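Engineer: Mind looking at a prediction? Sequence and model below.
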Amino acid sequence: MTTPQVVVHRDKELMAEATAARLITRIVDAQAARGSASVVLTGGRNGNGLLAALATAPARDAVDWRRLDLWWGDERYVPADDPERNHTQARAALLDSVPVDPARVHVMPASDGPYGADVDAAAAAYAAELAAAAAPEDHGPVPRFDVLMLGVGPDTHVASLFPEHPATRESERTVVGVHGAPKPPPTRISLTLPAIRAAREVWLLAAGEDKAGAVSLALGGAGGVQAPAAEAYGRSRTLWLLDRAAASGLPAGMYPRS
Ligand SMILES: O=C1O[C@H](COP(=O)(O)O)[C@@H](O)[C@H](O)[C@H]1O
């Protein structure tokens, strides 16, 4: 487990811009070191805000978009063109305006796809896709993602792992079908905590007053079943990227204040 580092920005706009700049640097460094990079995207307000900031970032063309694998941390199990899909929102925010290789954009299955209503089969298929992409040096059933991003929900959920939900206890599978999620839509696909922890770096994003309670609970020693965000960490780095409102419940001394 890596100790979380907390970075607090003035507001959500600056947080999105600074995180976009950070992500560009991380991708460019990974491409220089290993030839390609792999990033796991998140949905939600902060995830989409980051992608929109990336789309207009002055340095965005420093990324070789064709040498980038994109995965998702979770997806809503609805039809492929549904506006609720994280993929649909990511396309609008960024993916339709950069030259990504479609074969390297690893979209989670949709409910009108080959698995129909069987979300567990859809989740197993995504797990198989991850396993096929894992190299021997990754030493596990998923690639060693360079950066895995997670929006933190007001209830501390990350990906589609909700507090007290059975998916938070999963210790074997890397991807699960989620039934009865408390936030609509109820049927989802999610990476599990073991898959999340395979990433080199895990970045948790939270902005706004409605996230302050979740941030202080997760960083205040809660367990992963009560507060899934508390147990999302990377092998080399765990970074909490916040705005001042989301950080307002943290004790003095947890991050440098300006
Ligand atoms: O449902 C979801 O919510 C979280 C957080 O969303 P936010 O709008 O409260 O920031 C998101 O990270 C996740 O990917 C998504 O499916």
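Structural biologist: Ah, there it is.

Engineer: ok but Leu70 is inside a strand, no?
Structural biologist: Yes. Looking at Leu70 with DSSP: H, G, I helix; E, B strand; the rest coil, it is inside a strand.

Engineer: Assess the claim that it and Ala103 are in contact.
Structural biologist: No. Between Leu70 and Ala103 there is no contact under CB atoms under 8 Å: 10.9 Å. Backbone N, C-alpha and C define where each C-beta goes, glycine included.

Engineer: Have a look at these two and say which one is more surrounded.
Structural biologist: Leu70 (20 against 8; other CB atoms under 10 Å).

Engineer: partners of the residue in the stretch 101-250 of the chain that the ligand sits nearest to in the sheet?
Structural biologist: Nearest residue of the stretch 101-250 of the chain to the ligand: Gly151, at 2.6 Å (CB to the nearest ligand atom). Beta bridges link Gly151 to Leu205, judged by DSSP bridges.

Engineer: per-residue confidence at it?
Structural biologist: At Gly151, the model reports a pLDDT of 98.

Engineer: got a list of what it touches?
Structural biologist: Gly151 is in contact with 42-47, 158, 204-206, counting by CB atoms under 8 Å, 6 or more residues apart in numbering.

Engineer: Those also near the ligand: which ones?
Structural biologist: Restricting those to those touching the ligand (CB under 6 Å from any ligand atom) yields 42-47.

Engineer: Closest one to the ligand out of those residues, please.
Structural biologist: Gly44 (2.3 Å).

Engineer: What about that closest one, how many residues nearby?
Structural biologist: When neighbours are counted by other CB under 10 Å, Gly44 registers 23.

Engineer: And the one 10 residues further on, by the same measure?
Structural biologist: Using other CB under 10 Å, Leu54 has 23 other residues around it.

Engineer: in the chain, which spans are helices?
Structural biologist: Secondary structure of the chain (DSSP state H): helices located at 12-34, 44-56, 86-93, 119-133, 193-196, 212-218.

Engineer: so which of the ones you listed comes closest to Asp243?
Structural biologist: Closest of the helices of the chain to Asp243 is helix 12-34, at 4.8 Å (criterion: CB to CB).
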